[in-house]
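# next comes the sequence, and after it the predicted model I'd like to discuss.
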Amino acid sequence: MNGRVVDRLTFLGTGDAMGVPRVYCDCEVCEEARNSGTNRRLRSSVLIESTEGDFLIDCGPDWRLQMEMTNRRADITDIVITHAHFDHIAGLPEWADACRWQGVRGRVYAPQEVLDIIQRQYPWIATHLDMIANDEGMTISGWKLTPWKVHHGFNGYSYAYRLEKHDFGWVYCPDAIGLTAEQKVLMDRLDLLILGTSFVHEEAEYSGRSVYDMREAAELVDELAPIQTIYTHMSHGVDLRQELDLPVGASTARTGMTIDLGNYTVLLPEE
Ligand SMILES: Nc1ccn([C@@H]2O[C@@H]3COP(=O)(O)O[C@H]3[C@H]2O)c(=O)n1
């Protein structure tokens, strides 16, 4: 029997490194996040669910809360990491402990240089997690996944991932700025671009910045023309109560928001 299948992406967090509200900040956006919550943002991470298995991209300090919120407390065995900054990896020790208590092994996938930093930061976690280098690409849950290095400005380098399955191609690039032509090659003909934009318009000196703002992102979106663009990794410089001037096809992510990743036919087992 044939059936239509849709893989699904859920935004577990859409915030920058500090999250929103920032603990030290009394600005209007942080106060709104504290008191009502349109702008409350956990650290950026996504869950991909498919009939061929589920996985996360990134595992920040809000991982435990994110697992509680989605009721996926004990069954994630695969996590892909974009880079080794704390807001993308600080949940790994907790996940490793959860694996230990359940007597299972988790699998962490990242380029080797990212795995090396993770192992330096948390030397004990390889006892419970397999560290698997994906520099040459990998397949996970039927997705062909290709990593490449992208400029992360003041913060050095990060990796972006292109994922492809059944003619649906999308990119997850939460932490980048000033991509070179070479770093944009894998961003052509996209059905979906998920891009980090920390601010609407970041006033700081360019040399001290690390993530696109929404004005620069609009130029990138114009150039790449993905069918759909979703901004994530947003700081307290983005107020989601305001109408934002976004390019055609672009929108902002919210915690818990889900997106269909393609729509294809598979052979389903007989009932
Ligand atoms: N080598 C580094 C450098 C920076 N960091 C943290 O990652 C954060 C990214 O956003 P930020 O606001 O620039 O703060 C950075 C450090 O906390 C980190 O975890 N490791």
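Thanks, I have it.
# give the contact list for the residue positioned nearest the centre of the chain.
The residue lying closest to the centre of the chain (Cα atoms, centre = their mean) is residue 45, at 4.2 Å. The contact partners of residue 45, by Cβ atoms under 8 Å, 6 or more residues apart in numbering, come to 12-13, 56-60, 62-63, 66, 88. (C-beta placed from N, C-alpha, C; glycine too.)
# residue boundaries of the helices in the protein?
Ranges of helices in the chain, per DSSP state H, are 28-35, 63-69, 86-89, 92-102, 112-121, 214-224.
# now do the last one: distance to the chain's middle.
Right, the one you point to is helix 214-224. In terms of Cα atoms, centre = their mean, to the nearest Å, the centre of helix 214-224 is set 19 Å apart from its chain centre.
# tell me the buried residues in it?
Going by neighbour count (16 or more other Cβ atoms under 10 Å), the buried part of helix 214-224 is 214, 216-218, 220-221, 224.
# got it, and stretch 206-213?
In stretch 206-213, counting by 16+ other Cβ under 10 Å, buried: 209-213.
# quick one: the residue nearest to residue 229 when sequence neighbours are not counted from residue 219, how far?
Nearest-residue entry for residue 229: residue 250, 4.1 Å, with adjacent residues in sequence omitted and distances by Cβ to Cβ, 6 or more residues apart in numbering. As judged by Cβ to Cβ, to the nearest Å, residue 250 and residue 219 stand 12 Å apart.
# hmm, back to that, any chance of the helices of the chain in TSV with distance to residue 134 and mean pLDDT as columns?
Formatted as TSV, the helices of the chain follow (distance: least, Cβ to Cβ, whole Å; pLDDT from 0 to 100):
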stretch	distance to residue 134	mean pLDDT
helix 28-35	34	98
helix 63-69	20	97
helix 86-89	15	98
helix 92-102	16	96
helix 112-121	9	98
helix 214-224	23	98
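# show only the entries of the buried residues of stretch 206-213 found in strands.
Among the buried residues of stretch 206-213, DSSP state E puts none in strands.
# between the residues you listed, which is nearest the ligand?
Closest approach to the ligand among the buried residues of stretch 206-213 (Cβ to the nearest ligand atom): residue 210, at 5.2 Å.
# and the closest one, what does it touch?
Listed by Cβ under 8 Å, 6+ apart, the contact partners of residue 210 are 152-155, 175, 177, 198.
# thank you kindly, that will do.
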